[in-house]
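Asker: sequence unknown, structure follows:
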Ligand code: BJW
């Protein structure tokens, strides 16, 4: 049996903290049954997810890439949020300034009720016209046409997500850096802390004097910088912290 971390010092810190920013990654949705990127379950038809999340994969074979995203949309549509997402949604009412930065495109934080969300890598339920740049919401699962085309100009639609080698939207990454720099406590949950620029956000928080709390089932490159490293599943650790919080909604 794994040793239970002592969360008392963290509970004491959170009791006097007003500004909290959270960065989440694929691990927070793992307990909902959504495959992570770099875990053993990250394979699809012999492709690693990272190989298909690129502009070159899309330009070479848009149908293949859309089949991959359609498959993922199907999984997401069939799953539910988990206690980790729910606790974070509740914390918006508990901490005076609470913001959630997510690398996930699954939309689960919205589904759980969070409102102050910065989606760094986009959203799988949004489609973008490769010609006009217009963004539309689409919840069809499966998609009616693969690859889908723009109803207005007929050009190819792409998932409104950020692939490797693409820049994040400047206003979004700027907002994420600001929220990381101005918080007192930053939670980093379920991310391998491998993909840039997301992985540099907690370091910005450290630089500005914030305490960093990492929740992950395994150590990451961020672990040496964390003031609190809680090893375990976020869907179990977050409810435990929440139950002990000495704050009122
Ligand atoms: C649990 C758990 C449980 C499991 N409880 N925990 C600077 C240095 C080096 C490289 C670069 C750099 N700047 C840019 C780069 C290149 C690149 C990059 O970072 N490459 C790395 C591989 C090194 N970055 C980019 O290209 C970015 N663009 C950019 O910076 O533009 C400027 C630029 C352009 C060109 C050249 C140079 C600069 C864009 C990155 C976009 C990432 N996109 C993806 C796909 C999104 C769409 C989609 O989902 O399909 O985003 S890739 C993928 O990785 C996805 C994720 O959001 C992202 C992060 O993954 P995450 O969330 O950390 O998941 P995993 O699977 O890695 O980890 C899961 C974790 O959960 C693990 O730690 C588990 O232990 C844990 N876990 N169960 C708690 N129950």
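Answerer: That came in fine, so what should we check first? Just so it is clear, the model here is predicted, and its values are computed rather than measured. Residues are numbered from 1 along each chain as shown.

Asker: Tell me which helix or strand comes right after the longest strand along the chain.
Answerer: In the chain, assigned by DSSP state E, the strand with the most residues is strand 122-129. Using DSSP states H and E, the next helix or strand after strand 122-129 towards the C-terminus is strand 135-137.

Asker: Residues contacting the biggest helix by length in the chain, please?
Answerer: If you go by DSSP state H, the chain has its longest helix at helix 62-77. Helix 62-77 is contacted by residues 33-35, 44-45, 47, 49, 52, 57-58, 106-108, 124-125, 139, 141-143, 146-148, 156, 158-159 when judged by Cβ atoms under 8 Å, 6 or more residues apart in numbering. All C-beta spots, glycine's among them, are computed from the backbone N, C-alpha and C.

Asker: ok, then the element right after the helix or strand that contains residue 109?
Answerer: Per DSSP H and E, residue 109 falls inside helix 108-112. Heading C-terminal from helix 108-112, the first helix or strand you meet, by DSSP H and E, is strand 117-119.

Asker: Quick check: which helices or strands does that following strand pack against?
Answerer: On a contact count with 3 or more Cβ pairs under 8 Å, 6 or more residues apart in numbering; DSSP states H and E, strand 117-119 meets strand 97-102, helix 170-182.

Asker: again, only this time at 6 Å
Answerer: Secondary-structure packing of strand 117-119 (3 or more Cβ pairs under 6 Å, 6 or more residues apart in numbering; DSSP states H and E): strand 97-102.

Asker: Quick check on residue 151: phi, psi?
Answerer: When quoted as degrees, to the nearest 10, the phi and psi of residue 151 stand at phi -70, psi -20.

Asker: cool, residue 157 as well?
Answerer: The phi/psi pair for residue 157 (degrees, to the nearest 10) reads phi -100, psi 150.

Asker: let's have the chain start at 44 instead
Answerer: Noted, 44 is the first residue going forward, which turns the last one into residue 200.

Asker: Touching, it and residue 189? I think so.
Answerer: No - applying Cβ atoms under 6 Å as the test, residue 200 and residue 189 come out as separate, 10.4 Å apart.

Asker: residues of the helix holding residue 152 that come out buried?
Answerer: Within helix 151-155, the residues scored as buried using 16 or more other Cβ atoms under 10 Å are 151-155.

Asker: Next, format those residues as JSON lines and append distance to residue 142 and pLDDT.
Answerer: Shown next, in JSON lines, are these (distance: Cβ to Cβ, whole Å; pLDDT from 0 to 100):
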{"residue": "151", "distance to residue 142": "17", "pLDDT": "98"}
{"residue": "152", "distance to residue 142": "11", "pLDDT": "98"}
{"residue": "153", "distance to residue 142": "14", "pLDDT": "98"}
{"residue": "154", "distance to residue 142": "18", "pLDDT": "98"}
{"residue": "155", "distance to residue 142": "15", "pLDDT": "98"}
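
Asker: Downstream of the one helix or strand in the chain whose mean pLDDT sits lowest, the next helix or strand is which one?
Answerer: Here the helix or strand of the chain ranked lowest by mean pLDDT, DSSP states H and E is strand 86-87, holding a mean of 72. Per DSSP H and E, the first helix or strand lying C-terminal to strand 86-87 is strand 90-91.

Asker: Tell me if that next one is near the ligand.
Answerer: No - using Cβ under 6 Å from any ligand atom, strand 90-91 stays clear of the ligand, coming no nearer than 10.3 Å.

Asker: Run me through the strand neighbours of that strand, direction for each.
Answerer: strand 86-87 (antiparallel) (DSSP bridges).

Asker: returning to what we had before: how about whichever helix or strand comes after the longest helix of the chain, does it reach the ligand?
Answerer: Later in the chain than helix 105-120, the nearest helix or strand by DSSP H and E is helix 126-137. No - applying Cβ under 6 Å from any ligand atom, one finds helix 126-137 out of contact with the ligand, separated by at least 7.1 Å.
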